[in-house]
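Undergrad: Fold the following and give me the result.
(one chain, ligands or ions: 1)
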Amino acid sequence: MNPILKNAKYCISLMAVLSLFTNCETEVNYKNYQPNYLSSIDATNLPAGNKPMTLFEDNEDPALMYNKKDRWFRVNEPLQVILKGKDSVQVSLYSPVALTDVNVYAKLPNYENKFVLFHFSKIPAFHRSVHQIPLVVGKNDYLLENGKTLTIDKIEGFSSGSIEFSVTSTDPLFAKFKKIKSNHLVQFHDGYHINEYGKYLPMNPVLAKEAITMIINYSYALSHPLYYQTFTNFDKYKQEQSTLAGTAINGALNWHGNTDDLNGVYDYYTKEEIEKIYWNYLDSRTVYLAMVGGGSAWGGGPLASQWESDYITGHWLGEMSIWSHEYSHHIGFSHSSNLANSGEGGGQQEMLTHFYKYLIYLNDLPFIDPEILKGWTKTAYLNKKDYKKPVFKISPNNPFLLKYKGEGKWN
Ligand SMILES: [Zn+2]
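TA: Purely as a prediction, here's the structure:
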């Protein structure tokens, strides 16, 4: 950071421990005032006091990833900043790729402007550390969003709600995170394989890293304007597909619900219902990621499960059909709805898969390169030992490729 010398200095004097402060609203002309900002932090190189660690190390005890109180994140906030105790923040990055140039802002009640609490030059992939809030140490200067300086006196400590955090970054990956509209809460749940071992299998940090990478990409895909446009005009998509194929429309013309089809009579949703259903996919519900072991994958309620092969290689190739199906069970659709099932003539399973592959082709997902995790090489942690590096190739018949011809990247 290179703050320009300001001629205005704002000051806050604190009257009591928590938030009862008065603003010195008068602008003082401190022509020669040199604001004393805190120095930038490189999270790749932290002292032990910050308790730096890597989440989901390959050999980490899986009990840690299954601890739902400790390991959770919202898909639109892979960089999570939470109050830890009364005087510290815990920073956790649920991302397989590092972030650079990150500002963590704080906002206090009774003062409208947020200010830079920490600047991180770099936060490594899957990093976690704890940082004392500088406000509890003493009086200091803080940079406001508008470039001005705020001076805040020492505050003894914070309780939840008495300080709010937000994050900005110039990193292009962060810009992709910001586009994710879903705020699903992601956790891992061991109850499935504990209660029904074989039907489900235990996961480990190698698989968890792949699952996190996949769900961030998937949530980005669902948030994509082209997906929204196609989802809310699925009848048009079906029409175009049949025109291209030179055939009549196969099966349902549009999205329909869980009522069994009756000789081609479907319980079609209205435009308004379809719009609402789209947002159900992106709401704040909790999803438990699990792994299948038995005959078929399962989803429903918070559960969405996936095969080991799809976690390790499938999602890098855009093979998201089963995931889309199980996730749609999780949203509330059964096999009689084309939102879950591919059904006659293809439903969301098929459409999402084509779309996801088109996004890989466009290089328009947060994570495209399987080398960032190299999951297929980590055979000690996998049930199947002979995975190959996934190499993506798009089909020339991909309906999104045929329609958009390389256009449509989310800028
Ligand atoms: Zn099913």
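Undergrad: Kindly confirm my reading that residue 297 forms part of a helix.
TA: No: with DSSP: H, G, I helix; E, B strand; the rest coil as the criterion, residue 297 is assigned coil and is not in a helix.
Undergrad: I'd like to know how many residues surround it.
TA: Using other C-beta atoms under 10 Å, residue 297 has 20 neighbouring residues. C-beta here means a position set from N, CA and C on the backbone, and glycine is covered the same way.
Undergrad: same thing with residue 383?
TA: Residue 383: 12 surrounding residues under other C-beta under 10 Å.
Undergrad: Also the one 10 residues further on?
TA: The number of residues packed near residue 393 is 10, by other C-beta under 10 Å.
Undergrad: For the helix or strand encompassing residue 142, which strands pair with it and how are they oriented?
TA: Element membership for residue 142, per DSSP states H and E: strand 140-143. Partners of strand 140-143 in the sheet, by DSSP bridges, are strand 149-152 (antiparallel).
Undergrad: For the chain, which segments are assigned as helices?
TA: Taking DSSP state H as the test, the helices found in the chain are 62-65, 172-179, 191-195, 205-223, 225-231, 234-245, 271-280, 308-312, 321-331, 348-362, 399-404.
Undergrad: could I get these as JSON lines with distance to residue 369, mean neighbour count and mean pLDDT?
TA: Below are the helices of the chain laid out as JSON lines (distance: least, C-beta to C-beta, whole Å; neighbours: other C-beta atoms under 10 Å; pLDDT from 0 to 100):
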{"stretch": "helix 62-65", "distance to residue 369": "23", "mean neighbour count": "16", "mean pLDDT": "98"}
{"stretch": "helix 172-179", "distance to residue 369": "12", "mean neighbour count": "16", "mean pLDDT": "98"}
{"stretch": "helix 191-195", "distance to residue 369": "30", "mean neighbour count": "15", "mean pLDDT": "97"}
{"stretch": "helix 205-223", "distance to residue 369": "10", "mean neighbour count": "24", "mean pLDDT": "98"}
{"stretch": "helix 225-231", "distance to residue 369": "22", "mean neighbour count": "18", "mean pLDDT": "98"}
{"stretch": "helix 234-245", "distance to residue 369": "29", "mean neighbour count": "16", "mean pLDDT": "91"}
{"stretch": "helix 271-280", "distance to residue 369": "29", "mean neighbour count": "13", "mean pLDDT": "98"}
{"stretch": "helix 308-312", "distance to residue 369": "15", "mean neighbour count": "22", "mean pLDDT": "98"}
{"stretch": "helix 321-331", "distance to residue 369": "19", "mean neighbour count": "23", "mean pLDDT": "97"}
{"stretch": "helix 348-362", "distance to residue 369": "10", "mean neighbour count": "22", "mean pLDDT": "97"}
{"stretch": "helix 399-404", "distance to residue 369": "20", "mean neighbour count": "18", "mean pLDDT": "95"}
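Undergrad: For residue 125, which of those is the nearest?
TA: helix 205-223 (8.7 Å; C-beta to C-beta).
Undergrad: what bits of the protein have low per-residue confidence?
TA: Residue ranges of the chain with pLDDT under 70: 1-31, 343-345.
Undergrad: picking that back up, touching the strand holding residue 142 from outside, list them.
TA: If you take C-beta atoms under 8 Å, 6 or more residues apart in numbering as the criterion, strand 140-143 is touched by 1, 3, 35-38, 115-117, 134, 149-152.
Undergrad: hmm, 6 Å instead?
TA: Applying C-beta atoms under 6 Å, 6 or more residues apart in numbering, the external contacts of strand 140-143 come out as 3, 35, 36, 37, 115, 116, 134, 149, 150, 151.
Undergrad: Please apply the same query to stretch 274-283.
TA: With C-beta under 6 Å, 6+ apart as the test, stretch 274-283 has contacts from 181, 182, 222, 231, 232, 255, 331.
Undergrad: hmm, try it at 10 Å
TA: For stretch 274-283, contacts defined as C-beta atoms under 10 Å, 6 or more residues apart in numbering pick out 75-76, 180-184, 218-219, 222-223, 227-228, 231-235, 254-255, 257, 268-270, 327-328, 330-333, 337, 339, 348.
Undergrad: likewise stretch 395-407?
TA: 226-227, 230, 237, 240-241, 244-245, 318, 346, 350-351, 353-359, 361-362, 394, 408.
Undergrad: what sits against the spatially most central residue of the chain?
TA: With distances taken as C-alpha atoms, centre = their mean, residue 75 lies nearest the centre of the chain, 2.4 Å away. Neighbouring residues of residue 75 by C-beta under 10 Å, 6+ apart: 94, 177, 180-186, 212, 215-220, 222-223, 282, 287.
Undergrad: burial count for the closest residue to residue 116 other than its chain neighbours?
TA: Of all residues not flanking residue 116 in the chain, residue 143 sits nearest, at 4.4 Å (C-beta to C-beta, 6 or more residues apart in numbering). Per other C-beta under 10 Å, the neighbour tally for residue 143 reads 21.
Undergrad: Check the gap between residue 143 and residue 103 for me.
TA: Applying C-beta to C-beta, to the nearest Å, the value for residue 143 to residue 103 is 8 Å.
Undergrad: any residues in contact with both of the two?
TA: Joint contacts of residue 143 and residue 103 (C-beta under 10 Å, 6+ apart) are 1, 115, 116, 117, 119.
Undergrad: Let me have the residues you listed in JSON lines, adding distance to residue 374 as columns.
TA: Shown next, in JSON lines, are those (distance: C-beta to C-beta, whole Å):
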{"residue": "1", "distance to residue 374": "35"}
{"residue": "115", "distance to residue 374": "40"}
{"residue": "116", "distance to residue 374": "35"}
{"residue": "117", "distance to residue 374": "35"}
{"residue": "119", "distance to residue 374": "31"}
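Undergrad: Among those, name the buried ones.
TA: Taking 16 or more other C-beta atoms under 10 Å as the criterion, what is buried in these is 115, 116, 117, 119.
Undergrad: For the last one, give the beta-bridge partners.
TA: Spelled out, that is residue 119. Bridge pairing for residue 119 - DSSP bridges - gives residue 103.
Undergrad: got a list of what it touches?
TA: Counting by C-beta under 10 Å, 6+ apart, residue 119 makes contact with 1, 37, 38, 39, 40, 41, 101, 102, 103, 104, 143.
Undergrad: now stretch 184-199, how far from the centre of its chain.
TA: Between the centre of stretch 184-199 and the centre of its chain there are 20 Å (C-alpha atoms, centre = their mean, to the nearest Å).
Undergrad: That stretch spans what distance, first to last residue?
TA: Taking C-alpha to C-alpha, to the nearest Å, the first and last residues of stretch 184-199 lie 25 Å apart.
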